[in-house]
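> for reference, the sequence and a predicted model appear below.
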Amino acid sequence: MSRVIVVGGGVVGTACGMALQEAGELGGGAAEAGMGHFAMMADGTLRNEEVWRQESIIGRAWVSGEGTLLLDESDPFRWGIGA
Amino acid sequence: MPEDKMVLREAGLLRIEVLDTHTGGEPTRLVLSGFPVLRGRTMGERLEELREEHDHYRRAVILEPRGSEVMVGALLCDAVEEGSAAGVIFFNNVGYLGMCGHGAMGVVVGLAHLGRVGKGKVRLDTPVGTVSAELLEGGGVRIENVPSYRYRKDVAVGGVRGDVAWGGNWFFLFDGGEELRVADAARWTERALEIKEALRREGVTGEGGAEIDHIEIFGRGEAGQSRNFVLCPGAVYDRSPCGTGTSAKVACLAADGKLQPGEVWRQESIIGSVFEASYEREGERVRPSITGRAWVSGEGTLLLDESDPFRWGIGA
């Protein structure tokens, strides 16, 4: 038995967990509550206390607008609806 | 990423200039420039041209990631009738609207912000005719709506009883039986969808078999005044008291003898914004005037990069 700690929040941590599971490396484990960090047990390729490092998922972003929000003091919703 | 790719490329970047407004919480996005020039001589011809040849511009402005399903768009054009301030084509996330009450109020306030109209009468040319509006002292906007009427009274559908009325759209109006709070919007949306489905299943329609695509639930607000929850086509609820929905309500009140010509009816929306309505008789129908307030909420430029796969909207 080796202990594998996957460090990384949300989508990255989940992707690591998925990858290990698909590779049959995930023998048993538990997903901790919170930011999606995984602490899991696995046999095989990863050694004791080794840290799994995952490169970030490459994405693209685009600027989609530039502007000025106007808050008129007479506007009852200038601080948002339900605020 | 190579450095040259990080520089904003002006070539291949389309700019659409907009002015955002909201009417009692319901947004209207005025398009000031950046759309193709429409050559039609009537607003109807221009609408056809926009729909047939340039519909992706509507989607870019209204759909995510630049817009939202709550928003109504209003393309400003030159007026076609003498004495009109502007021509306007209304659209939303699913298509085009002939006329839109809250949208017309937003357009008038937007035109005033741009210095293109002052206090007093403002006429707007739309694909369904010229709309008379008035920018009032104090910032309100009064819109004269189309003749409205109640078509059927006290119809039992889906476990409730309500009226079918026309106010520029077809409505089924019924009493929700409790206080209406915005925190319960999801539950009221579900309820309205159930009733809409029941109307379809039981074959209850507007005149001539027209689909009833707006559901209007009534209740009391926190201060005891009449409050509504209006579900529009596309399953989005109106943040404003809904111009056509308030007209339909006024038609029902008039038919029941509960509101006299010239008397003011205050209608509150689910978020607490208010329209004031009154009517004059016009034959068998009533001609409602609706007064609300709109505010400019932003001015800006939408940027459409030709490399952006979502430049014409998500799901487009």
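Received, thanks. Residues are numbered from 1 along each chain as shown, chains lettered A, B, ... in the order given.

> from now on I want contacts and neighbour counts done on CA atoms only, so please keep to that.
Fine.

> so B:Met105, which of the three states?
Of the three states, B:Met105 takes helix under DSSP: H, G, I helix; E, B strand; the rest coil.

> residues in contact with it?
B:23, B:133, B:141-143, B:292-294 (Cα atoms under 8 Å, 6 or more residues apart in numbering or on different chains).

> which two of the residues you listed have the greatest separation?
B:Thr23 and B:Ala133 (14.3 Å; Cα to Cα).

> lowest-confidence helix or strand of chain A?
Here the helix or strand of chain A ranked lowest by mean pLDDT, DSSP states H and E is strand A:26-31, holding a mean of 39.

> quick one: average pLDDT of the helix or strand encompassing B:Tyr151?
Mapping B:Tyr151 onto the secondary structure by DSSP states H and E places it in strand B:149-157. Average pLDDT, strand B:149-157: 98.

> may I see the buried residues of that strand?
B:149-152, B:157 (16 or more other Cα atoms under 10 Å in any protein chain shown).

> name the helix or strand for B:Ala185, please.
helix B:185-201.

> what do you get for B:Arg266?
With DSSP H and E as the criterion, B:Arg266 is inside strand B:265-268.

> quick one: distance of that strand to the chain centre.
17 Å (Cα atoms, centre = their mean, to the nearest Å).

> what lies in contact with it?
B:221, B:225-228, B:240-241, B:246, B:250, B:259, B:274-278.

> what mean pLDDT does it have?
Rounded mean pLDDT across strand B:265-268 is 97.

> quickly list what the residue nearest to B:Gly83 when sequence neighbours are not counted is bridged to.
Computed as Cα to Cα, 6 or more residues apart in numbering or on different chains, the closest residue to B:Gly83 that is not its neighbour in sequence is B:Arg123, at 7.1 Å. Counting by DSSP bridges, B:Arg123 is bridged to B:Ser132.

> dump the residue contacts of B:Arg123.
Contacts of B:Arg123 (Cα under 8 Å, 6+ apart): B:83-86, B:130-133.

> would you format these as CSV with neighbour count included?
Supplementary listing: those in CSV, determined by neighbours: other Cα atoms under 10 Å in any protein chain shown:
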residue, neighbour count
B:Gly83, 11
B:Ser84, 17
B:Ala85, 20
B:Ala86, 24
B:Thr130, 19
B:Val131, 19
B:Ser132, 17
B:Ala133, 22
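
> and the helices in chain B, which stretches?
Under the criterion DSSP state H, chain B carries helices at the ranges B:3-6, B:43-53, B:55-62, B:101-113, B:185-201, B:243-255.

> could you dump the ones you listed to JSON lines with mean pLDDT?
JSON lines is the format used below for the helices of chain B (pLDDT from 0 to 100):
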{"stretch": "helix B:3-6", "mean pLDDT": "46"}
{"stretch": "helix B:43-53", "mean pLDDT": "97"}
{"stretch": "helix B:55-62", "mean pLDDT": "98"}
{"stretch": "helix B:101-113", "mean pLDDT": "97"}
{"stretch": "helix B:185-201", "mean pLDDT": "97"}
{"stretch": "helix B:243-255", "mean pLDDT": "97"}
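
> can you check which of those helices gets nearest to B:Arg287?
helix B:243-255 (8.3 Å).

> check which helices and strands the closest one sits against.
Secondary-structure packing of helix B:243-255 (3 or more Cα pairs under 8 Å, 6 or more residues apart in numbering or on different chains; DSSP states H and E): helix B:101-113, strand B:149-157, strand B:160-166, strand B:170-175, strand B:274-282, strand B:285-305.

> starting at the chain centroid, how far to that helix?
For helix B:243-255, the distance to the chain centre is 16 Å (Cα atoms, centre = their mean).

> and it, which residues are buried?
In helix B:243-255, counting by 16+ other Cα under 10 Å, buried: B:243-252, B:254-255.

> and the residue of the stretch 151-300 of chain B found nearest chain A, how far is that from B:Phe171?
At 3.6 Å from chain A, B:Gly300 is the closest residue in the stretch 151-300 of chain B, using Cα to the nearest Cα. Distance from B:Gly300 to B:Phe171, counting by Cα to Cα, to the nearest Å: 35 Å.

> now swap in B:Ala183 and tell me
23 Å.

> near chain A, which residues of chain B are found?
Neighbours of chain A within chain B, by Cα under 8 Å from any Cα of the partner chain: B:25, B:65-66, B:271, B:295-305, B:308, B:311.

> tell me the phi and psi of the residue nearest the centre of chain B?
What sits nearest the mean C-alpha location of chain B, by Cα atoms, centre = their mean, is B:Cys100, with 4.0 Å. Per-residue torsions, B:Cys100: phi -150, psi 120 (degrees, to the nearest 10).

> show me the contacts for it.
B:90, B:243-244.

> taking chain A, what residue is nearest to chain B?
A:Gly67 (3.6 Å).

> tally of neighbours for B:Glu82?
By other Cα atoms under 10 Å in any protein chain shown, 9 other residues sit near B:Glu82.

> and if you look at A:Gly82?
With other Cα under 10 Å as criterion, A:Gly82 counts 9.

> could I get the contacting residues of it?
B:Ile271.

> got a pLDDT number for it?
Value for A:Gly82, per-residue pLDDT: 81.

> check for me that it belongs to a helix.
No - applying three-state DSSP, one finds A:Gly82 to be coil, outside a helix.

> quick one: neighbours of B:Arg41, just the number.
11.

> what's the answer for the one 10 residues further on, then?
As a burial measure, the neighbour count of B:Arg51 was computed by other Cα under 10 Å and equals 16.

> distance-wise, check it relative to chain A.
23 Å (Cα to the nearest Cα, to the nearest Å).

> low-confidence ranges in chain B?
Counting by pLDDT under 70, the ranges of chain B that qualify are B:1-10, B:316.

> let's see that with 80 instead.
B:1-11, B:222-224, B:316 (pLDDT under 80).

> now chain A
Ranges of chain A meeting pLDDT under 80: A:1-58, A:83.

> and it, which of its residues are near chain B?
So chain A meets chain B at A:62-72, A:75, A:77, A:81-82 (Cα under 8 Å from any Cα).

> show me which of those are buried.
A:64, A:71, A:75, A:77.

> what about these, which are in strands?
Among those, DSSP state E puts none in strands.

> chain A versus B:Glu64, what's the distance?
Taking Cα to the nearest Cα, one finds B:Glu64 at 10 Å from chain A.
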